[in-house]
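Student: The following block contains a protein sequence and its predicted model.
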Amino acid sequence: MRILIPVLMIFAARLFAANVDLHDAVVVVRPGPAPIAATVLIEEVQKRTGIRLPIATSPRESRPSIAIAEDSNIPAEGYHLYLDRKQAQPAVVIEGAGARGELFGVGNLLRLADMAQGKLSVPSPLDIATAPKYPIRGHQLGYRTQANSYDAWTPAQFEQYIRELAFFGTNSIEGIPFQDDRPTPVMKYSRREMNRIIGEICLRYNLDYWAWIPADFDLNDQAKRAALLARCEEFFRDTPELTGIFFPGGDPGKNAPEMVLPFLEDMAKRLLPLHSKARIWMSTQQFSAAQREFVYQYIAREQPNWFGGLVGGPSSAPLAELRGRLSARYKVRDYPDLTHNKLSQYEVPDWDPAYARTLGREAINPRPAEYAAIHARTGVYTDGFVSYSDGAHDDVNKVIWSALAWDSSRSVRDILIEYARVYFASSVAEKAADAILALERNWRGSLADNGAVEGTLLQWRELERAAPWLENNWRWQMCLLRANYDAYDRRRLIYESSLEDEANAILANAGKSGAAEVMNAASRVLDRSDAHTATPELRARIVELCAELFQSIGLQSSVEQYYASDPQRGAVLDFIDTPLNNRWWIEDQFAEIRKLPSEDAKVERLLVIAHWEHPGPGSFYDNPGNIAKSPHVQPEVAPDRTYWWWDRGRSRARTTWQITMWPRAMVYEGLDPGGKYVIRTTGAGQANLRINGERVMPVIDGKKMGEFKEFPVDPKFLKERKMVLTFDKPVGEEDLNWRNKSRLSEVWVLRRD
């Protein structure tokens, strides 16, 4: 009996938790035109199962039902999704707070449903009553040349994507009607026509429609000012319903708030007669503290009725400051950058420079765990967000942000399982969710030391074999591209690094073998990478997937082949063969060395190259920004690295100069108290070094990238056999553009006995 009771309990639990079959269900709606939620449910189920659910105004006794109804007692945009077993047949009920609540309830049902060809079921028990935590949950989908995919879309693709974002609670879409008028061969519709269509889609789905309208010219130019206002009025008349206008204070644009606010007043005079509920919002991006104060004082004094609130975002005032300076009458909206990996608001932490050189600023970038942590940290100061996005490559990040803005207590993995279930298939949902998390982990730490990258590729290859019918699914293709590209980068990095080590070993014999001979031999070694012998099959697969993604969603992975607007805008195919060692720099050094007048001078320069990162016994080398080459840098929570982008990504500069960082501290232990040491650095501008807290001055003070600074080490710093290096903030650079500020790229502690 003691054995039987637990067995019966397990059997009962399984029976109670069994899925409810809905393959022959009827969709029950109120009389009149079918709500958009019913249309979405019927069409999306048919795509995934081949089943066309019939629609009716009352249930049928012989068939299960899915009932969609309004309930005015549910909080705004919320819904109650539950299984009603009181009927003769099972009934799934979606009671929503208006049309939005119904749509979001259907989205949740699709995320939970088990769907396959000819099959549709839902889990039991099922009882979810929920409403969103944040009222603003949106994404920017700008139909412009700069986007790496949206500009190639048709109205049907925009509608499908907007619909799918609503599955996870997105309630706002932000267009870009004017900025960036460059022509592009991938656009199938005029910008005016497509912006009108996007507005109509939002109206059809009962979603808010915003517009991002900057002034990227001097507002003192009255002709340009009047022209933009005229275009605004035309857009306002074209658009069936507008929720808000977001005007960035900067990025782009450099207008002072004294010019911006009167311009927005004039914009409001054209907006409100046509869209009385719409409001104008602005950011303080790139404003100085004094300029921000002017904005706060103006809002407090004028209390403008046309003003909706302030927007955070890259180079803006902190969200806590915005919330603290605004009255409760106005709201705060975040503008998080979900689309970029470097030179951005949220750079990938501990990113290997090999990725930065090839995948670059705007690659396919699922970062679910990281963005969940960022949302938890920033969302509390806001009324929600509309994200910055320049393409579909950040799709996972959009879903994470939307889902957490609805319910911040949710786990990232559970959200990804629903993502994979609704966009891929129930049969692979959990494994695909874990494989997406693995893609994020691929980007953490030293690439050469991250053997998990190969495991991630195996995960996605197994999923390919398990679900061949997903080969044309663009989200699936993006994940496969990343898995293959990551592994390709790693194999190339390991192989090309070994070639450079071999070449350096040859150069180290310059004094014996002669400069000309070792340069020729080293060049032959470095040239081996031309044959792609590291991993040709992965390269071929990457090329294939880039072609497939251009066909499926217009993803522009190449400037020449697929019309990317700029090498930084996701053109990963153009950098597939970019050297991951210093080959280009070494070749240029050889060209200079061959011109030197004496053999001794040539040998001296070659030995510097040979021992650059391996300065010999008792000496140390660090490239502080490179997680793989900075053993003496103290770990930091949010390191301020800069991955530089020179010569449109084709810089032949030494790779170690193309990533810079001011470390919190660098610690060297086990030094010889009787030894003689010199600290050498490379970088640009100032390097205000302290040794054990004491400021020291350089005896060699190169200012340009690649030039050396050298600081003698006083014996007093060696008494404890330990040195701690820190760097004071450069002085007099407060008004410099970030590109022109001082930076640090390399540090040596050289023993000079």
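Tutor: Sure, I can see it. Small disclaimer: the values here were computed from a predicted structure and weren't measured.

Student: Now do the same contact list for residue 429.
Tutor: 417-418, 420-421 (Cβ atoms under 8 Å, 6 or more residues apart in numbering). The C-beta positions use only the backbone N, C-alpha and C, and glycine is treated the same way.

Student: Between those, which sits nearest residue 88?
Tutor: Comparing the contacts of residue 429 against residue 88 with Cβ to Cβ places residue 421 closest, at 29.3 Å.

Student: Where does the nearest residue to the closest one once chain neighbours are set aside sit, in terms of helix or strand?
Tutor: In this structure, residue 421 finds its nearest non-sequential neighbour in residue 429, 4.0 Å apart by Cβ to Cβ, 6 or more residues apart in numbering. Element membership for residue 429 (DSSP states H and E) is helix 429-442.

Student: Next: residue 726.
Tutor: Going by DSSP H and E, residue 726 is in strand 722-728.

Student: Could I get the buried residue list for that strand?
Tutor: Neighbour counts using 16 or more other Cβ atoms under 10 Å place 723-727 of strand 722-728 among the buried residues.

Student: counting contacts, what elements does it pack onto?
Tutor: When contacts are defined as 3 or more Cβ pairs under 8 Å, 6 or more residues apart in numbering; DSSP states H and E, strand 722-728 packs onto strand 666-669, strand 688-691, strand 743-751.

Student: Mind listing residues that contact the first one?
Tutor: Spelled out, it's strand 666-669. Contacts for strand 666-669 (Cβ under 8 Å, 6+ apart): 620, 622, 624, 632-634, 721-726, 747, 749.

Student: what about 10 Å?
Tutor: Strand 666-669 is contacted from outside by 620, 622, 624, 630-634, 677, 679, 691, 718, 720-727, 747, 749, using Cβ atoms under 10 Å, 6 or more residues apart in numbering.

Student: With only the CA atoms kept, save that strand in PDB.
Tutor: Taking Å, rounded to 0.1, in the frame of the first residue of the first chain, the C-alpha atoms of strand 666-669 are listed here in PDB:
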ATOM      1  CA  MET A 666      47.300  46.600 -12.800                       C
ATOM      2  CA  VAL A 667      49.200  44.500 -10.200                       C
ATOM      3  CA  TYR A 668      52.600  42.900 -10.600                       C
ATOM      4  CA  GLU A 669      54.000  40.600  -7.900                       C
END
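
Student: Report the mean per-residue pLDDT for it.
Tutor: Here strand 666-669 scores 98 as its mean pLDDT.

Student: How about the last one?
Tutor: Mean pLDDT, taken over the full extent of strand 743-751, equals 97.

Student: ditto for stretch 53-65
Tutor: Mean predicted confidence for stretch 53-65 is 94.

Student: Where do the strands of the stretch 351-500 of the chain begin and end?
Tutor: Assignment of strands within the stretch 351-500 of the chain using DSSP state E, counting those that start in this stretch yields the ranges 384-387.

Student: Please enumerate the strands of the stretch 601-750 of the chain.
Tutor: 620-622, 641-643, 659-661, 666-669, 677-684, 688-691, 694-695, 700-701, 708-712, 722-728, 743-751.

Student: by contact count, what packs against the last one?
Tutor: When you say that, I think you mean strand 743-751. The contact analysis (3 or more Cβ pairs under 10 Å, 6 or more residues apart in numbering; DSSP states H and E) places strand 743-751 against strand 620-622, strand 659-661, strand 666-669, strand 677-684, strand 708-712, strand 722-728.
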